[in-house]
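K.L.:
I would like to see how this sequence folds:
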Amino acid sequence: MHEPLQRNRNRAARVAGLLYLIVVVAGMYSLAYVPSHIAMSGDASTVVQNLTASESLFRSGIAAAVVCYIAFLLLPIALYRLLGAVAVAPATLMVAFALASVPVSFVNLTHRLDVLSILDVGSHLRSLSGEQLHAQVMLSLDAYRNGLLISEVFWGLWLLPFGYLVFKSGFLPRLLGILLMAGCFGYLIDVFGHLLWPGYAESAIADYVRLPAAAGEIGTCLWLLVVGVRQPREQVASIRAANNP
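P.N.:
Below is the predicted model:
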């Protein structure tokens, strides 16, 4: 009786895990790898030179972001199939918060595309001076970073109901649920730290505040993909009772 349900859960877990893996890999490439290989802060002329020299890498980061956001559009739906029966209200909130981030993230991505347009020597901005072009590039990069803060609000909020569902499910490790819920507050601390504390980016806390989210999300991704779901304790107990009358 429990075997078909377990198979369906494992199938749903694998689908969600695969989508999560796409989100994690594409997101890390776009948000971490590319910025770490192209210095996009500091002197404007140096930044423009870096972008011009690494235009292909910059473009690949935009493409990776598109892939990430498409997968993130599908991920909460796949997770709802897996976790919706645990508690409907938190599962609905999880989907709502996650989906709300997608249009915000896509719109924010246009600021990266603006950078490419500005750097295009054949564009209509050709008449601007070098300093004006550099200023436009920096404004677009700053706008993109500001937009990421808004996206981070939803990237954090969806983790709270998601973590709660993982914690209560009985077929996923509770530790992952705790890390995901802690990750929600880590993201929100990061957002409000940038908004309210001018020196936050250089503070020690900024380097560590999102670690619980990273550990929880990567851990959940790998668990869903590799392990799947465990049988809830009550099901294990009932099976043992049936086998040992």
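K.L.:
residues of the helix or strand where residue 148 lies that come out buried?
P.N.:
According to DSSP states H and E, residue 148 maps onto helix 130-157. Across helix 130-157, burial judged by 16 or more other CB atoms under 10 Å covers 133-134, 136-138, 140-141, 143-145, 147-149, 151-157. Yep, even glycine has a C-beta here, placed from its N, CA and C like the rest.
K.L.:
same thing with stretch 211-222?
P.N.:
212-213, 215-218, 220-221.
K.L.:
Next: stretch 179-192.
P.N.:
Neighbour count says stretch 179-192 has 179-184, 186-191 buried, by 16+ other CB under 10 Å.
K.L.:
now swap in stretch 167-180 and tell me
P.N.:
167, 169-173, 176-180.
K.L.:
any idea how far residue 202 is from the closest residue to residue 185 other than its chain neighbours?
P.N.:
Among residues not flanking residue 185 along the chain, residue 156 sits closest, at 7.4 Å (CB to CB, 6 or more residues apart in numbering). Remark: distance between residue 156 and residue 202 (CB to CB, to the nearest Å) = 21 Å.
K.L.:
Remind me what the helix of greatest length in the chain packs against, helices and strands.
P.N.:
If you go by DSSP state H, the chain has its longest helix at helix 88-119. The contact analysis (3 or more CB pairs under 8 Å, 6 or more residues apart in numbering; DSSP states H and E) places helix 88-119 against helix 44-53, helix 55-83, helix 130-157, helix 159-169.
K.L.:
Turn those helices into a markdown table, including distance to residue 19 and mean pLDDT.
P.N.:
Below are those laid out as a markdown table (distance: least, CB to CB, whole Å; pLDDT from 0 to 100):
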| stretch | distance to residue 19 | mean pLDDT |
| --- | --- | --- |
| helix 44-53 | 31 | 90 |
| helix 55-83 | 4 | 97 |
| helix 130-157 | 15 | 92 |
| helix 159-169 | 13 | 98 |
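K.L.:
Tell me which of these lies nearest to residue 37.
P.N.:
helix 55-83 (6.2 Å; CB to CB).
K.L.:
and the longest helix of the chain, which residues are buried?
P.N.:
90-91, 93-95, 97-99, 101-102, 104-105, 108-109, 111-112, 114-116, 118-119.
K.L.:
Stretch 39-53 now?
P.N.:
40, 44, 47-48, 50-51.
K.L.:
likewise stretch 6-16?
P.N.:
Neighbour-count burial for stretch 6-16, counted by 16+ other CB under 10 Å, picks out 6, 9-10, 12-16.
K.L.:
Narrow these to those in strands?
P.N.:
Taking DSSP state E, every one of the buried residues of stretch 6-16 sits outside strands.
K.L.:
nearest to residue 163, of the residues you listed?
P.N.:
Looking across those and measuring by CB to CB, the closest to residue 163 is residue 16, at 14.6 Å.
K.L.:
how about that closest one, what does it touch?
P.N.:
75, 78-79, 81-82, 224 (CB atoms under 8 Å, 6 or more residues apart in numbering).
K.L.:
Over to residue 203?
P.N.:
Taking CB under 8 Å, 6+ apart, we find residue 203 in contact with 193, 197.
K.L.:
how near is it to residue 230?
P.N.:
In this view, residue 203 and residue 230 are 40 Å apart by CB to CB.
K.L.:
and what of residue 102?
P.N.:
Distance, residue 102 to residue 230, by CB to CB: 31 Å.
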